[in-house]
Structures are given as structure tokens and as C-alpha cells.
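Peer 1: Only the shape, not the letters, is given here:
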Ligand SMILES: Nc1ncnc2c1ncn2[C@@H]1O[C@H](COP(=O)(O)OP(=O)(O)OP(=O)(O)O)[C@@H](O)[C@H]1O
Ligand code: NI
């Protein structure tokens, strides 16, 4: 599963913020890889440095922050050494990022259509008319009905789930190979969450896109991710195949993380009440075993 080629390779990345007269080291020498066609989860407690890592790779660190060491290779380009203009081009063409609050990334001053067509014209040598057709196809591909109508609407006129799909469509029109998703479903209700996650899974399978997924939802990690990195206080404390991480967490912090949350609320509802008194870790392990069995069945058929 991990034999595919590496899309993103982060090496020894360190990030610092100015805080008044002091500096704060938010990320300390982390390394991670994302391969084509895989979903790599970045998990860890709040404030551990997941989002700033994503922002640094994407070239969107706030002004008070800076990369003090390290490399981030996208193919044979070190993103951290590129000039802003060059980075913008790469960002549009080779990688895309979707955020927790999609509405904030779409511009409320322009229609969805305007923004999609601009993006397409910017990245491909096509006329606006052709760009419009591409936009329609792409919106349909991410499961949006009535794309014609959608093109005329503004971000504040559509639901969060639709907005997130538009963001994914926008990411795709540029032909991105790498997608960074920072808590892409946190702001959405459960049914819509599942649909968006299915969409990400499909992108990975059908387009071979590599996805770096930041999430607090360990159930999502168990179901979708191939590989997991665990962050704590700016460092990666453990990494491994998703099954290994869940079945045999080595670092006390990972164990704590697994103990602290039941992996999948749905299974919680399905399990008999006596089961609920068992400890989280045991139930999580059982959940992972079931998942592994069901995935193996799918792979064999
Ligand atoms: N602009 C900023 N200025 C100063 N410190 C910052 C800034 N942005 C982030 N930090 C600090 O960097 C650390 C890492 O933050 P980050 O947002 O990456 O955490 P996270 O792992 O994404 O947490 P969460 O799960 O809550 O999203 C935190 O201590 C945070 O306070
Ligand atoms: Ni974050």
C-alpha cells in the first residue's frame, strides 16, 4: 500500500513565532511523507502544531511566524525556498488546501462561478467559455446537483457542506496532486461529514491524490488513513501504519489519546450497554480489528 511514490516530503521542519519580546518554537524538527494515493493523518492534542505545519508547507504562515529550519519537498521543488510568486503558482497548480471553515476561503464578493472560472483560466490555457464547462463538470464530480444554478450563487447562500465541496472542486480544477485538509469536516453536521470524507476517499482512490488530513476524529483516522503521525508539543512522537498505531501504540501519549476517546460514536450506539463500561482502549482495539477484517474482505473481492 505504501509502495507509491512520495509526493510531499517534509524534513526537519522547525517553526517559530514572535510573541512580544520572546520567540515561541511551535514546531521542532518534524519530518513526514505523503505518498500518492494515500491519506496520511496528522493527529495530536490542541496546540501541538498541526495547523502551523500545514500552513508552513502551504506557504500561508502568519507574519509573526517563520520557518527556522527544514525542507518541504513537493517532487523536486523545496517549497520553503521558493519566492512568494512562485509558491502561489505551485499552490494553484500542484497542491490545494481545504480548511475547517470553507466559507472563509471563498470570496463573498464574487459568485461561485466567477471564482471557479477565474481559477481555471488562471491555471489552464482555456477560454472563459471552456472554463465554465470545466467548472460544471467538476462540480458535478464532487456530487453537487444543479451546477448551473450553483455557479450564480455566493458562498453565503450555500450550506457548509456545499461550500466544502466547492472548495474540493476548486482544488481539483487546478489538477492538484497533493491536498492538505485541516479539519475539513469539523464545522459540518454528521451526515455531511461522512459525504465529504467519502469524497476525499474517492479522490485518493480514483485520482491517486495524496492527502494530508489533520483531524481530531480518531474514528475518521481509523477508517480513512493509511499512515498516522502523532504530534505533541511541536514534535512527532510516534508514526506508523494506521493499524499498528491503533493496535500497538508505543508512545504513552498515543495510548493516552486512544484511551481518552472511543473511536467511533456510531459503534458506541450499536454496542450493548454492558459493553460501554469496558475501557476505551479495549473497545478501540476491537473496532480496529473489525475494520481491518472488513478492509481485507474488500481488498480480496
Ligand atoms: N499566529 C500565531 N502567533 C503566535 N503563536 C501561534 C500562532 N499560530 C499558532 N501559534 C501557536 O503555535 C502552536 C501550534 O498551533 P497550531 O494551530 O498549529 O495547533 P494545532 O495542533 O493545529 O491545534 P488545534 O488542534 O487546536 O487546531 C500553538 O501553541 C499556538 O498558540
Ligand atoms: Ni489546528
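Peer 2: Cool, got the structure. On a predicted model such as this, the values are computed, not experimentally measured, just so you know. Ligands and ions are numbered 1, 2, ... in the order given.
Peer 1: drop to CA atoms for contacts and neighbour counts, all remaining ones
Peer 2: Will do.
Peer 1: thought residue 251 was touching residue 239?
Peer 2: No. Taking contacts as CA atoms under 8 Å, residue 251 lies outside contact range of residue 239: 9.5 Å.
Peer 1: neighbour count winner among these two?
Peer 2: Using other CA atoms under 10 Å, the more surrounded residue of residue 251 and residue 239 is residue 239, with 20 against 14.
Peer 1: which residues touch the closest residue to that one other than its chain neighbours?
Peer 2: Among residues not flanking residue 239 along the chain, residue 229 sits closest, at 4.3 Å (CA to CA, 6 or more residues apart in numbering). Residues in contact with residue 229 (CA atoms under 8 Å, 6 or more residues apart in numbering) are 32, 40, 41, 42, 43, 236, 237, 238, 239, 240.
Peer 1: Return the residues of this structure in contact with ligand 1.
Peer 2: Residues of the chain that fall close to ligand 1, judged by CA under 6 Å from any ligand atom: 17, 26, 45, 46, 47, 48, 49, 50, 51, 52, 62, 64.
Peer 1: at 8 Å instead, please
Peer 2: Residues of the chain lying near ligand 1 by CA under 8 Å from any ligand atom: 17-19, 24-27, 43-54, 61-65, 183, 214-216, 231, 233-234.
Peer 1: Tell me which of these fall in strands.
Peer 2: 17, 18, 19, 24, 25, 26, 27, 43, 44, 65, 214, 231 (DSSP state E).
Peer 1: Not counting its neighbours along the chain, what's nearest the second one?
Peer 2: I take that to be residue 18. Nearest one to residue 18, counting by CA to CA, 6+ apart, is residue 64 at 5.4 Å.
Peer 1: Quick check: the one you found touching residue 21?
Peer 2: No. Counting by CA under 8 Å, residue 64 stays clear of residue 21, with 11.7 Å between them.
Peer 1: related to what we said a few turns ago, find me the pLDDT at the residue nearest to residue 18, would you?
Peer 2: pLDDT, residue 64: 90.
Peer 1: do the same with residue 118
Peer 2: So residue 118 comes in at 88 (pLDDT).
Peer 1: Kindly report the same for the one 5 residues further on.
Peer 2: Model confidence at residue 123, expressed as pLDDT, equals 76.
Peer 1: Kindly provide the distance from it to residue 90.
Peer 2: As judged by CA to CA, to the nearest Å, residue 123 and residue 90 stand 10 Å apart.
Peer 1: Who has more neighbours out of those two?
Peer 2: residue 90 (18 against 15).
Peer 1: Now do the host helix or strand of the more buried one: distance to the chain's middle.
Peer 2: In this assignment (DSSP states H and E), residue 90 forms part of helix 84-93. Mean C-alpha position of helix 84-93 versus that of the full chain (CA atoms, centre = their mean, to the nearest Å) differs by 19 Å.
Peer 1: right, and the helix or strand after that helix?
Peer 2: That would be, after helix 84-93 and using DSSP H and E, strand 95-98.
Peer 1: Now find how far off-centre that next one is within its chain.
Peer 2: That offset, for strand 95-98, works out to 8 Å (CA atoms, centre = their mean).
Peer 1: tell me, what residue is most central in the chain?
Peer 2: residue 181 (2.3 Å; CA atoms, centre = their mean).
Peer 1: ok now do that residue, which residues does it touch?
Peer 2: 97, 98, 99, 211, 212, 213, 214.
Peer 1: Show me which parts of whichever helix or strand it is part of are buried, residue by residue.
Peer 2: Element membership for residue 181, per DSSP H and E: strand 178-182. By neighbour count on 16 or more other CA atoms under 10 Å, the buried set for strand 178-182 is 178, 179, 180, 181, 182.
Peer 1: Looking at these, which is nearest ligand 1?
Peer 2: Closest to ligand 1 out of the buried residues of strand 178-182 is residue 182 (8.1 Å), distances taken as CA to the nearest ligand atom.
Peer 1: per-residue pLDDT, the closest one?
Peer 2: Predicted confidence (pLDDT) for residue 182: 91.
Peer 1: Also residue 80?
Peer 2: On the pLDDT scale, residue 80 gets 94.
Peer 1: Give me the contacts around stretch 42-56.
Peer 2: By CA under 8 Å, 6+ apart, stretch 42-56 touches 15, 26-27, 61, 66-67, 80, 180, 182, 212-216, 228-235, 257.
Peer 1: cool, and stretch 60-73?
Peer 2: Contacts for stretch 60-73 (CA under 8 Å, 6+ apart): 7-19, 29, 52, 55-57, 78-80.
Peer 1: Counting neighbours, which of those residues end up buried?
Peer 2: 7-11, 13-17, 29, 52, 55-57, 78-80.
Peer 1: Those residues in strands, which ones?
Peer 2: Those of these lying in strands (DSSP E): 7, 8, 9, 10, 11, 13, 14, 15, 16, 17, 29, 78.
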